[in-house]
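> Okay, structure incoming, though there's no sequence with it:
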Ligand code: NAD
């Protein structure tokens, strides 16, 4: 449902606004934090920061709205989500620019993410009135038993900064469609597009108080939110370290929780793979969003007999990657902030100290002296115990390892604590299906990276990548609970 742009981008997006949305109003607060362009270090706006006391206010606002929203017909909830999706498509260039500048990704990357967000809203809108329970068998006609789906009540949703529009839609849409009120905490690192999306939700007719937003430093605000006794369900997306803290907080109140954490996803390339298809996709999988995706293809595992050719082609393609600021709209942008730049550079330096070979990159690209730029980097690894092959780097850094046969490929692919996505490159359908059942990951792609072409593909996880049914139809069930009803018929 793409329509003409409602608000075309004429100037660079500003970061000046409130980050606190409670009871249908944006509230100004005393302190603020800057929005900083990752390509230049320039401050382009300020967001007034939510106070810790706002957690109580936001939860109270959501609780006050929750009952009426839960009793609103699911078709009406779906209609509001559908109107929201339409507004997202109408405003997609403005939204894309906000995400691109805030995160540092190329404008076309922002556009793709906003289109995905709109599609998720649209898909979920259609599911709002199709969630059903079951009629249960009974011992005699004198009984009747059924189950029904009910919302949790008030959901806390805590998000990271890397793909804010997609994650906002992927969590908010099923939470709202299932009849929950929400307190949402975007990452303070890149919240701009989420604030704009929330404005559009209001415009679509979402009642005041059903969605509340708090923006501020996570360790205070996020920790207070997820340990609040007025929260009935937590959805957390972020790092493993923070995920553990959030789960501990959830344990105190026995709050149900879904967590979507990090990844170390392998591209497994067999001797019979179509390299013309595989190589560009592998390169994209680690350079898109400068490798700052949970499902980034950060491990290249290649069958030894084709390893030299594959490595040479991947290195050649990665050295051609064009790097620039968001508005230059090239292949890859900078890392999101100096902390991330230092972290990723430090992991590369540490790997070289462990005996890993630097094949490409590892430093700032030529001519990019300011901002958080890091050149696409390839590391060749022979020691399977090198720490770098198990750590989530979250940057444009690819490790390359070789395997001998299918069993060896499986050992390598399953050799980390993560289990998000695995991509299998082969023309042998039996091998592809065997691998897809043996690899410990929530999602498998064969001869493509990620889930292109599949509508409503669940974003599932295994091992320390988390546990949830993110995205797709099942997400509606994640954001609702089942009630069982048993009736004795009298008379
Ligand atoms: P992070 O864990 O540092 O922060 C995530 C969110 O938690 C932020 O909003 C932050 O403010 C908040 N937070 C921080 N401390 C908190 C606390 N003690 N209690 C509650 N909330 C707290 O992660 P990040 O750096 O923003 O994002 C990068 C990570 O997110 C990577 O590990 C990436 O793999 C992961 N990620 C996962 C998925 C997925 O679907 N599996 C998607 C995107 C990103």
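Nice, I can see it. The structure presented is a predicted model; accordingly, all values stated were derived computationally and were not measured.
> Please, where are all the strands along the stretch 1-150 of the chain?
Using DSSP state E, counting those that start in this stretch, the strands of the stretch 1-150 of the chain run over residues 17-18, 20-22, 25-27, 32-36, 43-48, 135-136, 143-151.
> for the third one, which positions count as buried?
Within strand 25-27, the residues that count as buried by 16 or more other CB atoms under 10 Å are residue 26. No exception for glycine: its C-beta is placed from N, CA and C like everyone else's.
> For that strand, give me every contacting residue.
17, 18, 20, 21, 54, 208 (CB atoms under 8 Å, 6 or more residues apart in numbering).
> Quick one: residues contacting the second one.
Okay, so that is residue 18. Counted by CB under 8 Å, 6+ apart, residue 18 has contacts 26, 27, 28, 29, 47, 48.
> ok, the fourth one touching residue 51?
Yes. Between residue 29 and residue 51 there is a contact at 5.9 Å, judged by CB atoms under 8 Å.
> Need the residues touching each of the two.
Common neighbours of residue 29 and residue 51 (CB under 8 Å, 6+ apart) are residue 20.
> State the distance from residue 91 to the ligand.
Taking CB to the nearest ligand atom, to the nearest Å as the measure, residue 91 falls 23 Å from the ligand.
> And for that residue, the neighbour number?
Number of residues near residue 91 (other CB atoms under 10 Å) recorded here: 23.
> Filter the contacts of strand 25-27 down to the buried ones.
Buried residues within those, counting neighbours by 16+ other CB under 10 Å: 17, 18, 20, 21, 54.
> Could I get the contacting residues of the third one?
The reference is to residue 20. The contact partners of residue 20, taken as CB under 8 Å, 6+ apart, are 26, 27, 28, 29, 48, 49, 50, 51, 54, 213, 214, 215.
> Residue 123 now?
173, 455, 456, 472.
> Repeat that for residue 330.
By CB under 8 Å, 6+ apart, the contact list for residue 330 reads 106, 322, 323, 324.
> between those, which is nearest the ligand?
For these, the residue nearest the ligand by CB to the nearest ligand atom is residue 106; the value is 18.2 Å.
> Not counting sequence-adjacent ones, nearest residue to the closest one?
Once flanking residues are discounted, residue 106 sits nearest to residue 329: 4.8 Å by CB to CB, 6 or more residues apart in numbering.
> Give me the contact status of the top helix by length along the chain with the ligand.
As assigned by DSSP state H, the longest helix anywhere in the chain is helix 107-127. No. Helix 107-127 lies out of reach of the ligand by CB under 6 Å from any ligand atom, never closer than 11.3 Å.
> How about the residues of the stretch 101-250 of the chain by the ligand?
Neighbours of the ligand within the stretch 101-250 of the chain, by CB under 6 Å from any ligand atom: 158-163, 167, 185, 187-188, 218-219, 222-223, 226, 237-239, 242, 245-246.
> Tell me the confidence at the nearest residue to residue 143 once chain neighbours are set aside?
Distance criterion CB to CB, 6+ apart; nearest residue to residue 143, sequence neighbours excluded, is residue 488 at 6.0 Å. On pLDDT, residue 488 comes in at 98.
> what element comes up after the strand or helix carrying residue 342 heading to the C-terminus?
Per DSSP states H and E: residue 342 is located in helix 338-353. Moving toward the C-terminus from helix 338-353, the next helix or strand (DSSP H and E) is strand 357-360.
> mind listing what's buried in that following strand?
Going by neighbour count (16+ other CB under 10 Å), the buried part of strand 357-360 is 359, 360.
> strand partners of the helix or strand just after it, parallel vs antiparallel please.
For strand 357-360, the following helix or strand on the C-terminal side (DSSP H and E) is strand 377-380. Using DSSP bridges, the strands paired with strand 377-380 are strand 357-360 (antiparallel), strand 397-403 (parallel).
> nearest to residue 303, of those strands?
Among the strands paired with strand 377-380, the nearest to residue 303 by CB to CB is strand 397-403 (6.1 Å).
> what comes into contact with that closest one?
282, 286, 291, 297-304, 307, 311, 314, 318, 344, 347-348, 351, 356, 359, 361, 376-382, 384, 388-389, 409, 411-412.
> Could I get the average pLDDT for that strand?
98.
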